[in-house]
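# Got a sequence here, can you model it:
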Amino acid sequence: MEKIIVKEEFIKLGQALKAAGLCEKGSDAKNVISDGLVTVNGETELRRGRKLYPGDVVTFEGERILIEK
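I've put the predicted structure just below:
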């Protein structure tokens, strides 16, 4: 499981996918999110700007990302 450390209060979903290396560009992240291929805490998320807080878990293509402080 990949871990992303946030320095601010939150990170946006599209930024998290890029930071984890799962999407190369913001447009790639936008497309996979809008196609319903990303889940946050087990539920499909369609908003690229969804705010992720420590403890949230993102899943995409079998990869899991844990958001930590």
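# Quick one: the helices in the protein, in order.
Using DSSP state H, the helices of the chain run over 13-19, 26-34.
# These: which one's closest to residue 64?
With respect to residue 64, and counting by CB to CB, the nearest of these is helix 13-19 at 11.6 Å. Quick note: C-beta positions are derived from backbone N, CA and C, even for glycine.
# In terms of secondary structure, what does the closest one contact?
Here helix 13-19 touches helix 26-34, strand 38-40, strand 51-52, strand 57-60, strand 63-68, going by 3 or more CB pairs under 8 Å, 6 or more residues apart in numbering; DSSP states H and E.
# export those to CSV and tack on mean pLDDT?
Formatted as CSV, the helices and strands packed on helix 13-19 follow (pLDDT from 0 to 100):
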stretch, mean pLDDT
helix 26-34, 96
strand 38-40, 98
strand 51-52, 98
strand 57-60, 98
strand 63-68, 97
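# which one of those is the most hemmed in?
strand 38-40 (a mean of 20; mean count of other CB atoms under 10 Å).
# who does it touch, helix- and strand-wise?
Applying 3+ CB pairs under 8 Å, 6+ apart, one finds that strand 38-40 makes contact with helix 13-19, strand 57-60.
# List the buried residues for the longest one?
Looking back up the chat, that one is helix 13-19. Buried residues in helix 13-19, counted by 16 or more other CB atoms under 10 Å: 13, 14, 15, 16, 17, 18.
# List of residues touching it?
Helix 13-19 has contacts (CB atoms under 8 Å, 6 or more residues apart in numbering) with 4, 11, 23-26, 28-30, 32-33, 38, 40, 45, 47-52, 58, 60, 65, 67.
# What of the shortest one?
Contacts to strand 57-60, defined as CB under 8 Å, 6+ apart, come from residues 13, 16-17, 20, 22, 32, 37-42, 52, 64-67.
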